[in-house]
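[1] let me see the structure of the following:
(2 chains)
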Amino acid sequence: MKLSRRGFMKWTGAGAAALSLSRLGFDVKPVAAYATTLRIAGAKEVVSICPFCSCGCNIIMFVKDGKFISSEGDPDYPVSEGALCPKGAAFHSMHVSHHRILKPRYRAPGSDKWEEKDWDFVLDRIARKVKDTRDKDFVEKNDKGLTVNRVETLFQLGTSQMDNEECAVSHQMLRSLGVVYLDHQARV
Amino acid sequence: MRFDERKYKIQEEAKLLVPPPRGEPVTAIARVFAALADRRAACLAALPETPPVVELDFDPALFEEGAPLLSSFDPAFFREDFTAAAGCLFPGMAGLFPAVAGEISALADAISGNPAVADACLTALWAEDEEAQALWAHVCRLCGKTGDMAAVAAFAAGEAMKVCLTRMASLLDGQVQKESWFRGYCPICGSYPDAGCLLPKEPEQSEYLISKSGQLHLHCARCGHVWRHVRLKCPACETTDHEKFTSLTANDRDDERVYTCSECGIFFPCVDLTGGRQDIRLDTVALDLMHLEFVASERGFRPLVAQAWNTFA
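    Numbering: from 1, shown residues only, chains lettered A, B, ... in the order given. Here you go, the predicted structure:
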């Protein structure tokens, strides 16, 4: 009797006709009745990537009924092995925080109230202000006649809530305008 | 916005205050199979002092290709162990399962009186599908019984074999190269797992890091060996598609779940021990979660390893 490699591999217990609970003398009907009383929920675990820094740690997002319900580090991600910094660990808290602003707000000059505005309004207004400021203050050459192509009256303060891609796009846009003053909230 | 470790711990402890959804109909069945697990453990002492093998010719290349340690081992070498395990286990099994006591006793008598029966059982235990049916029918004939006994013989012999393989697993554990085994089946005996558990990793060295997620460890259905596996990958078909690999929980107890795979149609239970639960035995985890296995079965999934307790027909 020589065992084949296949024989030892992946045993599933299905070699003979499966012995059922009923055959062993158990009544399965009460189990079925009990199961109907359970409140069953299904969840999906989705691997995503923490957006906060260039480490790009994997995070497992738990999704139930299409809603993001919790998160934790991915223990199989080789770099962090499931560990997260406080920002990554609070990912779900940030997502559901009541402090999170979901719509653009605008406070008019001299006003003490914030108003909700649509994206078209705020994007147009920001673009207008940036364009006007750049047109007014753009410096092509410095005092020594060297080409500098910069604007010193615009400043960008980044945020740790921006992901890598947003930072890259933002940086490229600002540099193309001539903005030289860029900083990050985490350094302040 | 800041992660509050204290608040998190309170939430985790609060979860455990919700009692697990155990119904009497389920626990009554689980108790019987837990008693069977206890008897198997007790029968380890009845095995011959010398195991069938103490050291194997280890081929790292084959192992990395996915061949378990015992893949080249002839099951006939288990004859003595198997006979001793059956002699110890079957009388108790007959008491636990009175509906099939006669058939178990007949198999016990046949094994003790005729070594050919033990050999036939060992051959049949590793056969599959139609070949297995024919081999178990042959075992029944050797016992002087009809083919109706085949399923009971396979069940009883499988339980006796678990005793033999459990001893082997403890002996071979040191030879498993954990860093090169990423399969969904056991690196020692090749069986699929009957359950999984999420275990916490070592505490972080840095106070700036938080680690609350559990690493998946699978428990072999036959030899009881525990090995690590990628958490979000089906052990059977290895899909990592989150749309297909999902989990079911009952009554908000999300530390107890059954993973289902719609790609290959299997389910297997898993318990999360990262919250500090101490009331779990790995060899009976699947029994504790039988209610969830029933739900998965009702939804059309089949167990990763078919056992008597998760075959609800």
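[2] got the contact list for the closest residue to residue A:80 other than its chain neighbours?
    In this structure, residue A:80 finds its nearest non-sequential neighbour in residue A:57, 4.4 Å apart by C-beta to C-beta, 6 or more residues apart in numbering or on different chains. Backbone N, C-alpha and C define where each C-beta goes, glycine included. Residues counted as contacts of residue A:57 (C-beta atoms under 8 Å, 6 or more residues apart in numbering or on different chains) are A:49-50, A:73-74, A:77, A:79-80, A:83-84, A:88.
[3] out of those residues, which sit inside helices?
    residue A:88 (DSSP state H).
[4] name the SS class of the closest residue to chain A within the stretch 151-300 of chain B, please.
    Relative to chain A, the nearest point of the stretch 151-300 of chain B is residue B:154 (3.4 Å; C-beta to the nearest C-beta). Classification of residue B:154 by DSSP: H, G, I helix; E, B strand; the rest coil places it in helix.
[5] that one and residue B:124 touch, don't they?
    Yes. If you go by C-beta atoms under 8 Å, residue B:154 and residue B:124 touch, sitting 7.0 Å apart.
[6] geometric centre of chain A: which residue is closest?
    residue A:51 (5.1 Å; C-alpha atoms, centre = their mean).
[7] next, count neighbours for the closest residue to that one other than its chain neighbours.
    Residue nearest to residue A:51 in three dimensions, not counting chain neighbours: residue A:163, with 3.3 Å by C-beta to C-beta, 6+ apart. For residue A:163, the neighbour count with other C-beta atoms under 10 Å in any protein chain shown is 15.
[8] the one 4 residues further on too?
    Using other C-beta under 10 Å, residue A:167 has 18 other residues around it.
[9] just the buried ones from the contacts of residue A:57?
    Among these, those buried by neighbour count (16 or more other C-beta atoms under 10 Å in any protein chain shown) are A:50, A:73-74, A:77, A:80, A:83-84, A:88.
[10] what's the pLDDT at the residue sitting nearest the centre point of chain B?
    Centroid check for chain B by C-alpha atoms, centre = their mean gives residue B:221 as the closest residue, at 1.7 Å. Residue B:221 carries a pLDDT score of 93 in this model.
[11] that one and residue B:111, how far apart?
    22 Å (C-beta to C-beta, to the nearest Å).
[12] next one: residue B:225
    Distance from residue B:225 to residue B:111, by C-beta to C-beta: 26 Å.
[13] out of those two, which sits in the busier spot?
    residue B:111 (29 against 24).
[14] which stretches in chain B count as strands?
    Here chain B has its strands, by DSSP state E, at B:193-200, B:210-211, B:214-220, B:226-228, B:245-250, B:253-261, B:266-272, B:302-303.
[15] now the closest residue to chain A within chain B: closest residue in space, sequence neighbours ignored.
    Chain B approaches chain A most closely through residue B:99 (2.7 Å), counting by C-beta to the nearest C-beta. Distances taken as C-beta to C-beta, 6+ apart place residue A:25 nearest to residue B:99, at 2.7 Å, with adjacent residues excluded.
[16] next up, the contacts around residue A:162.
    Counted by C-beta under 8 Å, 6+ apart, residue A:162 has contacts A:51, A:170.
[17] in three-state terms, label it for me.
    Using three-state DSSP, the three-state assignment for residue A:162 comes out as coil.
[18] for chain B, see how far away it is.
    Noted for residue A:162: a distance of 15 Å to chain B, by C-beta to the nearest C-beta, to the nearest Å.
[19] hey, which strand is longest across chain A?
    Assigned via DSSP E, chain A shows its longest strand as strand A:147-158.
[20] residues near residue 78, how many?
    As the question left the chain open, I've gone with chain A. Residue A:78 has 7 nearby residues by other C-beta under 10 Å.
[21] nope, chain B
    25.
[22] cool, residue B:130 as well?
    With other C-beta under 10 Å as criterion, residue B:130 counts 8.
[23] contacts only, for it.
    No residues are in contact with residue B:130 under the rule C-beta under 8 Å, 6+ apart.
[24] same question, the one 5 residues further on
    With contacts taken as C-beta under 8 Å, 6+ apart, residue B:135 has the following neighbours: B:120, B:123-124, B:127.
[25] what do you get if the cut-off is 10 Å, keeping everything else the same?
    Neighbour list for residue B:135: A:15-16, B:120-127, B:150, B:154 [criterion: C-beta atoms under 10 Å, 6 or more residues apart in numbering or on different chains].
[26] hang on, the earlier thing: most packed of the strands of chain B?
    strand B:266-272 (a mean of 25; mean count of other C-beta atoms under 10 Å in any protein chain shown).
[27] list the strands paired with it, with their directions.
    strand B:193-200 (parallel), strand B:253-261 (antiparallel), strand B:302-303 (parallel) (DSSP bridges).
[28] tabulate the CA atom coordinates of it in PDB.
    Backbone C-alpha positions of strand B:266-272 (Å, rounded to 0.1, in the frame of the first residue of the first chain) are rendered in PDB as follows:
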ATOM      1  CA  ILE B 266     -17.100  26.400   1.200                       C
ATOM      2  CA  PHE B 267     -17.500  27.700   4.800                       C
ATOM      3  CA  PHE B 268     -15.300  27.400   7.800                       C
ATOM      4  CA  PRO B 269     -15.700  28.800  11.400                       C
ATOM      5  CA  CYS B 270     -13.400  31.300  12.900                       C
ATOM      6  CA  VAL B 271     -13.100  32.900  16.400                       C
ATOM      7  CA  ASP B 272     -11.400  36.200  17.200                       C
END
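[29] surely residue B:311 and residue B:290 touch.
    No. Using C-beta atoms under 10 Å, residue B:311 makes no contact with residue B:290, being 11.3 Å away.
[30] quick check: neighbours shared by the two?
    Common neighbours of residue B:311 and residue B:290 (C-beta under 10 Å, 6+ apart) are A:21, B:297.
[31] which element follows the one helix or strand in chain A whose mean pLDDT sits lowest toward the C-terminus?
    Using mean pLDDT, DSSP states H and E, helix A:5-8 stands out as the lowest-scoring helix or strand of chain A, at a mean of 46. The element immediately downstream of helix A:5-8 (helix or strand, assigned by DSSP states H and E) is helix A:29-35.
[32] OK, contacts around residue B:62?
    A:5, B:68-69, B:71-72.
[33] most widely separated two among those?
    A:5 and B:69 (11.8 Å; C-beta to C-beta).
[34] what about these two, which has more around it?
    residue B:69 (28 against 14).
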